[in-house]
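Student: Next input, structure requested:
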Amino acid sequence: MSDELWAVVEPLLPTRPRRPKRGRTGRPRVPDRAALAGIVFVLKTGISWNALPAELGCGSGVTCWRRLQEWQRAGVWAELHRVMLDRLAQQDLLGWSRAAVDSVSVRAKRRGEATGPSPTDRGKAGSKYHVLCDRDGLPLHAMVTGANTHDSRMLAPLLDTNPGVRERAGRPGRPRRRPGKLHADKGYDYPRCRRYLAGRGIGVRIARRGIEDSTRLGRVRWVVERTMSWLLDFRRLALRYDRAEATITALLSLACALICHRRLTGSRS
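Tutor: Predicted coordinates:
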């Protein structure tokens with residue numbers, strides 16, 4: 001857990017009232033920084049919560065899981081991603097001229113919420129990550145659905161719930177949510193998608209089914225494929241074990257925030 005990352009996360013965490021020392025029983029609360037380090041370790045390595053090594057000093061896996069849930073309910077992970085995007089925008093590191101959207105399916109070993117039969121995996125239970133990224137592949141927004149959810153159905157929800165990003169610190173005006181142009185593959189080639197984008201004033205570049213070769217559009221859309229690869233490098237996302245939708249959504253938001261943090265610090269790890 002780097003000092004730079006902790007400096008961003010700490011102000012976002014909810015405050016807890018201090019209990020009086022007199023008569024207090026039980027174990028002391030695991031420090032928030034240690035719990036966050038345990039959460040990130042599980043996210044990156046993909047190990048089960050119960051397998052979190054005690055020698056890391058992060059508390060038990062159950063403690064880290066509970067802290068993940070607590071901070072998800074408080075909106076910490078979504079806010080962390082938004083803060084990272086704000087910082088990227090203030091350093092002119094976000095490319096709004098065009099964006100790309102795509103999804104990737106992963107198997108859900110224990111089924112659970114936001115899962116469904118995967119049409120690409122012999123009907124086995126799975127989830128799908130829908131991702132919107134900027135022209136350089138930085139994730140702007142991500143959502144989780146069942147693997148049987150059609151990509152085109154999630155275009156509007158993905159853009160409608162995209163968090164606003166302030167492009168310049170201290171400047172008045174609304175946060176930006178819309179890219180200049182959106183690139184998408186043939187899975188989004190439906191009139192309702194084109195009408196929706198036109199209605200929001202977003203340029204449309206969607207490959208036409210049965211007409212266009214996807215390789216031409218791939219010269220631009222490769223960035224979102226790379227973004228998917230970045231997300232699946234977090235092993236806990238590559239194969240879903242968490243049954244609760246809140247848990248997998250929290251981990252996905254945290255992964256997006258960490259990818260943005262890498263760009264801010266120039267780190268590859």
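Student: Going by C-alpha atoms from here, please, whenever you check contacts or count neighbours.
Tutor: Will do.
Student: Which residues outside stretch 222-230 are in contact with it?
Tutor: 100-104, 131-133, 135-139, 259 (Cα atoms under 8 Å, 6 or more residues apart in numbering).
Student: can we see that at 7 Å?
Tutor: Ala100, Val101, Asp102, Val104, Cys133, Asp136, Gly137, Leu138 (Cα atoms under 7 Å, 6 or more residues apart in numbering).
Student: So which elements touch the strand or helix carrying Leu159?
Tutor: Following DSSP states H and E, one finds Leu159 within helix 155-160. Judged by 3 or more Cα pairs under 7 Å, 6 or more residues apart in numbering; DSSP states H and E, helix 155-160 is in contact with no other helix or strand.
Student: Can you point out the buried residues in that helix?
Tutor: Residues of helix 155-160 classed as buried: Leu155, Leu158, Leu159 (neighbour count, 16 or more other Cα atoms under 10 Å).
Student: would you list the contacts of stretch 222-230 in CSV and tack on secondary structure, neighbour count and distance to Pro191?
Tutor: Output for the contacts of stretch 222-230, formatted as CSV (DSSP: H, G, I helix; E, B strand; the rest coil; neighbours: other Cα atoms under 10 Å; distance: Cα to Cα, whole Å):
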residue, secondary structure, neighbour count, distance to Pro191
Ala100, strand, 27, 18
Val101, strand, 28, 17
Asp102, strand, 24, 18
Val104, strand, 18, 23
Cys133, strand, 27, 22
Asp136, coil, 20, 27
Gly137, coil, 25, 26
Leu138, coil, 26, 27
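Student: How far does stretch 52-72 sit from its chain's centre?
Tutor: Relative to the chain's own centre, stretch 52-72 is displaced by 20 Å; criterion: Cα atoms, centre = their mean, to the nearest Å.
Student: ok, and what's touching that stretch?
Tutor: Val30, Ala34, Ala35, Ala37, Gly38, Ile39, Trp49, Asn50, Ala51, Thr247, Ala250.
Student: Which members of those are positioned in strands?
Tutor: In strands, judged by DSSP state E, none of the contacts of stretch 52-72 are found.
Student: For ChimeraX, write the selection for the buried entries among the residues you listed.
Tutor: This is how ChimeraX selects the buried members of the contacts of stretch 52-72, with burial counted by 16+ other Cα under 10 Å:
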select :35,37,38,39,49,247,250
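Student: right, and out of the contacts of stretch 52-72, which lies closest to Arg205?
Tutor: Lowest distance from Arg205 to the contacts of stretch 52-72 (Cα to Cα) belongs to Ala250, with 30.8 Å.
Student: part of a helix, is His261?
Tutor: Yes: residue state for His261 (DSSP: H, G, I helix; E, B strand; the rest coil) corresponds to a helix.
Student: Low-confidence ranges, the protein, go.
Tutor: 17-26, 168-173, 211-219, 267-269 (pLDDT under 70).
Student: Sketch out the helices for it, chain order is fine.
Tutor: Here the chain has its helices, by DSSP state H, at 3-9, 32-45, 61-73, 76-90, 155-160, 191-199, 214-232, 235-238, 245-265.
Student: The longest one: which residues count as buried?
Tutor: Buried positions in helix 245-265, judged by neighbour count with 16+ other Cα under 10 Å: 245-261.
Student: can you check the third one too?
Tutor: Buried residues in helix 61-73, counting neighbours by 16+ other Cα under 10 Å, are found at Gly61, Thr63, Cys64, Trp65, Arg67, Leu68, Gln69, Trp71, Gln72.
Student: mind putting these in TSV, distance to Thr227 included?
Tutor: Shown next, in TSV, are the buried residues of helix 61-73 (distance: Cα to Cα, whole Å):
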residue	distance to Thr227
Gly61	28
Thr63	30
Cys64	26
Trp65	26
Arg67	27
Leu68	23
Gln69	25
Trp71	25
Gln72	23
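Student: quick one: which of those residues is nearest to Lys109?
Tutor: Nearest to Lys109 among the buried residues of helix 61-73 is Trp65, at 18.2 Å by Cα to Cα.
Student: so how far is Ala35 from the closest one?
Tutor: In this view, Trp65 and Ala35 are 9 Å apart by Cα to Cα, to the nearest Å.
Student: for Glu70, same thing?
Tutor: Separation of Glu70 from Ala35 (Cα to Cα): 12 Å.
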